[in-house]
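[1] generate a structure from the sequence data that follows.
(3 chains)
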Amino acid sequence: MSKESLLECLNPQQREALLYTEGPLLILACAGSGKTKVVAHKFAYLLKAKKFPASSILALTFTNKASKEMRERVLSLTGKDIGDSWIGTFHSQCSRLLRKEIRPLGYKTDFSIYDEDDQCTLIRHILREFRFHEALYKGVAAKISSLKSSLIGPEEFLSTGDGFGFDEKLAKVYLRYQSELKRCNALDFDDLLGLTVTLFEKKPEILEKYRERFAYILVDEFQDTNYAQYRLLRQLGSGGRNISVVGDDDQSIYRFRGADVNNVYRFEKDFPGAKVMRLEQNYRSTQNILDVAYAVISKNPTRKPKKLWSGRQGGEQVFHCWLADEEEEARHVAKTIKELYLKGEYEFNDFAVLYRINMQSRSVEEALRDEAIPYHIVGAISFYQRKEVKDIIAYMRLVLNRSDNVSLRRVVNSPPRGIGAATLSKMENEAKKKSLSLFEVIRSAVKANGVTSAVKEKLEGFIQVIEQLASRKYRTAADLMRDIVEKSGYRECVDVERAENIEALIASSHETDLRDFIDRVSLFSGLDEPAKDKSVSLMTLHGAKGLEFPVVFITGLEEGVLPYFKALDNQDEVSEERRLFYVGMTRAKEILWFTGASRRKLYAKFQDQQASRFLADIPKKCCCWIEKTKAPQVSRAVRPGSDSKKPAFPYVAGCRVRHPKWGVGVVRDCYGDGEEQKVMVNFPNIGIKKLVLRFANLEKI
DNA sequence: AAAACTCCTCTTTTT
DNA sequence: GAGGAGTTTT
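    As a prediction, this is how the structure comes out:
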């Protein structure tokens, strides 16, 4: 495509954003305003008109899907070979960089990458060793991850500790976790970002090298950056360098993962001289849908003001229907889909049903089945999460990096080799004493007759398999995987289905280079969705980001569901729930339905539901209200939970209390009412106690 | 290795 | 109130 035609298919604002190529630029792009298009076109423009080499542009996205799309778009716009360009996710580009440069930080370049599962496994292991409450591993992992994504190290965290023992324990686990990772020569997802930042800090000459290499930085979905990512961008892009970030603060919905919208608000300050532009024309939805979405989102207190307008004037009203319970709600959705389908204007794949929590899919699925409507759930269990797939990958990682103790523990007894916990913990103690890897310790134990002959034989078998695999030079991942299933005896011990999944894994690697394949699967959440033909899409509101459908249903518009009850006592979180709703609404091109129910079964009990406060913000003229059951009481936004029937609890789960006898503990649950209000509190070293509030004499701290 | 048990979670989840 | 995962028991 010529330089001129690159510009032709853009509107004036998009063109301006593309042509502005000197210094920092923040592009605030509303939903459906073509931001991905602008980023891709800008990349192409930099190549074509500005004659930048592809390798001098760093283009960062959040998902593999987005980076793949960007790559394809740039390729089709320019026809140029962009094979060596730095287009990719933050994580993949950091791992690429660290594979070259990590040595000064004391890791080897063949490091393993641990995903969340591996991270949990390791943390659990540490908790067990410290004799801490092992079952809390998930919370501990989440907390450590959030500290890491904010670049807070264990020592720094400890210095801000609460002084009651919780944070000290956590810091101890955190510290150990980091040293275990290093011992395994492994990085978790947060390390990929955090260690890149650390590397740049410790080795300014390396930073300088990359600052020179990258003549231009492009960032998509900027509102989703966490602190580490923001720091990285500042390191590479500060000082008036060329950086364009594109994002929409109204679509920031990953706060719980460490994303910080404030990065959008900080940009102008931290990148002095930054130009701010807006893309406000929406190419997706009808004006009526946008009016509704805008009415809701504009109620958020801190947001960059933006207008939102469509070339598609008018459009149908938005529909809202209130029903008796979730089953009726689901039936209503299914019937409406059927009706629209039978009119012949829509195919089944034009419909999406969105919900706040996965649990809500159940009733919808049943109703769709009853109506014989084909559907699929987006974002269900991922291929790479399967046990057999993870096992094979763990074998590969161990072969490539024999320090990888987590992978070793995973595969040492699978298939069953009779190597039990006792043997392993003995080896582990040895390993710690001699500061060697588990693999080395096992190998020397076999040689030195350190164990009984029966055990020795078993260990020897395992060591031989790994050494044999490691001694060969494999070019492709497929070759190694085939040998693994053969030589390890894995093939014999799995059922047909699992064997098929392994075959699928091998097939999916094509002829990829071994190292590339490992990195790809480590940084990949799911196999490319095989384009489901002609069926209704079911997904969470989070899962819907970036997608669009002619007809969208948003279900469960009730207080406690959307906004979700856990978000209710925090203003920032309610704002995020509102953004989530906004993201859902702006997925719709033509028809948008809201549904809610008076009664819903949530966590094993039926609950009476009230209409979501967000519905109160929708202008009456835009919306057609259909009431199949008694009119809902629409909650007013200005009334934070004041009319709930039950007396409010002085505590919420997660807060800390002091007990006269047991000291400080964490509240895990509150239940019962009136005189019978009870709390469940976890006291360190004592365990969980259930207390009646009236008698317990607790003090909030 | 299967069965029984215990304990935990129960929001969202780009990598 | 169900499902998952781990541990202990047989």
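[2] can you list the residues of the stretch 51-200 of chain A near DNA strand C?
    Residues of the stretch 51-200 of chain A lying near DNA strand C by C-beta under 7 Å from any atom of the strand: residue A:128. Where C-beta positions appear, they are placed from N, C-alpha and C, glycine not excepted.
[3] which parts of the stretch 51-200 of chain A are strands?
    Secondary structure of the stretch 51-200 of chain A (DSSP state E, counting those that start in this stretch): strands at A:57-61, A:86-89, A:112-114, A:186-188.
[4] make CSV out of those strands and add mean pLDDT.
    Converted to CSV, these look like this (pLDDT from 0 to 100):
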stretch, mean pLDDT
strand A:57-61, 95
strand A:86-89, 93
strand A:112-114, 91
strand A:186-188, 93
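[5] for these, give me JSON lines that also has distance to DNA strand B.
    Shown next, in JSON lines, are the strands of the stretch 51-200 of chain A (distance: least, C-beta to the nearest atom of the strand, whole Å):
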{"stretch": "strand A:57-61", "distance to DNA strand B": "8"}
{"stretch": "strand A:86-89", "distance to DNA strand B": "5"}
{"stretch": "strand A:112-114", "distance to DNA strand B": "9"}
{"stretch": "strand A:186-188", "distance to DNA strand B": "9"}
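[6] show me how the record splits chain A into domains.
    According to automatic domain parsing, chain A comprises the domains A:3-100+A:194-282, A:112-184, A:288-381+A:530-628, A:387-518, A:656-700.
[7] next, format those domains as a markdown table and append mean neighbour count and distance to residue A:106.
    Supplementary listing: the domains of chain A in a markdown table, determined by neighbours: other C-beta atoms under 10 Å; distance: least, C-beta to C-beta, whole Å:
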| stretch | mean neighbour count | distance to residue A:106 |
| --- | --- | --- |
| domain A:3-100+A:194-282 | 19 | 10 |
| domain A:112-184 | 18 | 7 |
| domain A:288-381+A:530-628 | 19 | 36 |
| domain A:387-518 | 17 | 12 |
| domain A:656-700 | 15 | 33 |
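[8] by mean pLDDT, show me the worst of those.
    In terms of average pLDDT, domain A:656-700 trails the rest of those, at a mean of 68.
[9] does residue A:17 touch residue A:27 like I think?
    Yes. Between residue A:17 and residue A:27 there is a contact under C-beta atoms under 8 Å: 5.0 Å.
[10] okay, and the common contacts of these two?
    Shared contacts of residue A:17 and residue A:27 (C-beta atoms under 8 Å, 6 or more residues apart in numbering): A:38, A:244, A:277, A:279.
[11] residue A:341 touches residue A:334, doesn't it?
    No. The pair residue A:341 / residue A:334 is not scored as a contact, 10.5 Å apart, by C-beta under 8 Å.
[12] shared neighbours of these two, anything?
    Any residue near both residue A:341 and residue A:334 by C-beta under 8 Å, 6+ apart counts here, and that gives residue A:373.
[13] residues contacting the closest residue to residue A:550 other than its chain neighbours?
    Nearest non-adjacent residue to residue A:550, counting by C-beta to C-beta, 6 or more residues apart in numbering: residue A:350, 4.2 Å away. Residue A:350 is in contact with A:549-551, counting by C-beta under 8 Å, 6+ apart.
[14] could you measure from the nearest residue to residue A:242 once chain neighbours are set aside over to residue A:395?
    The shortest distance from residue A:242 to any non-neighbouring residue, by C-beta to C-beta, 6+ apart, is to residue A:216 (4.6 Å). Applying C-beta to C-beta, to the nearest Å, the value for residue A:216 to residue A:395 is 41 Å.
[15] which ones are touching residue A:116?
    For residue A:116, counting by C-beta under 8 Å, 6+ apart, the contacting residues are A:141, A:189.
[16] for the closest residue to DNA strand C within the stretch 51-200 of chain A, list the residues it contacts.
    Residue of the stretch 51-200 of chain A nearest DNA strand C, by C-beta to the nearest atom of the strand: residue A:128 (6.7 Å). With contacts defined as C-beta under 8 Å, 6+ apart, residue A:128 is in contact with residue A:134.
[17] before we move on, what about residue A:87?
    Residue A:87 touches A:43, A:57, A:59, A:61, A:67, A:70-71, A:74, counting by C-beta under 8 Å, 6+ apart.
[18] returning to what we had before: could you check how far the residue nearest to residue A:242 is from residue A:245?
    12 Å.
[19] now residue A:435, nearest residue through space, not along the chain?
    Closest residue to residue A:435 apart from its sequence neighbours, by C-beta to C-beta, 6+ apart: residue A:183 at 7.7 Å.
[20] wait, isn't that neighbour in contact with residue A:437?
    Yes. Assessed by C-beta under 8 Å, residue A:183 is found in contact with residue A:437 at 7.3 Å.
[21] for the two, list the residues in contact with both.
    Shared contacts of residue A:183 and residue A:437, counting by C-beta under 8 Å, 6+ apart, come down to A:403, A:405.
[22] what pairs with the longest strand along chain A, parallel or antiparallel?
    Ordering each strand of chain A by length in residues (DSSP state E) puts strand A:588-602 first. Partners of strand A:588-602 in the sheet, by DSSP bridges, are strand A:318-325 (parallel), strand A:549-554 (parallel), strand A:605-608 (antiparallel).
[23] picking up where we left off before, list the ones among the shared contacts of residue A:17 and residue A:27 that fall in strands.
    Reading strands off the shared contacts of residue A:17 and residue A:27 with DSSP E, I get A:244, A:277, A:279.
[24] is the one helix or strand residue A:397 maps to in proximity to DNA strand B?
    Residue A:397 is located in helix A:387-400, with elements delineated by DSSP states H and E. No. Applying C-beta under 7 Å from any atom of the strand, one finds helix A:387-400 separated from DNA strand B by no less than 13.5 Å.
[25] can you name the element that comes right after that helix?
    Counting by DSSP H and E, what follows helix A:387-400 is helix A:405-411.
[26] residues making contact with that next one?
    The contact list for helix A:405-411 (C-beta under 8 Å, 6+ apart) reads A:112, A:114, A:118, A:121-122, A:125, A:180, A:183-184, A:186, A:390-391, A:394-395, A:397-398, A:401-402, A:424, A:431, A:437-439, A:488.
[27] with stretch A:260-278 instead?
    Applying C-beta under 8 Å, 6+ apart, the contact partners of stretch A:260-278 are A:13, A:16-17, A:20, A:23-30, A:222-223, A:225-227, A:230, A:234, A:237-238, A:240, A:243, A:245, A:247, A:249, A:252, A:255, A:302, A:304, A:306.
[28] grab the nearest non-local neighbour of residue A:46.
    Nearest one to residue A:46, counting by C-beta to C-beta, 6+ apart, is residue A:52 at 4.5 Å.
[29] ok, the residue nearest to residue A:193 when sequence neighbours are not counted - contacts?
    Nearest residue to residue A:193, sequence neighbours excluded (C-beta to C-beta, 6+ apart): residue A:228, at 4.1 Å. Applying C-beta under 8 Å, 6+ apart to residue A:228 gives the contacts A:148-151, A:190, A:193-194, A:197.
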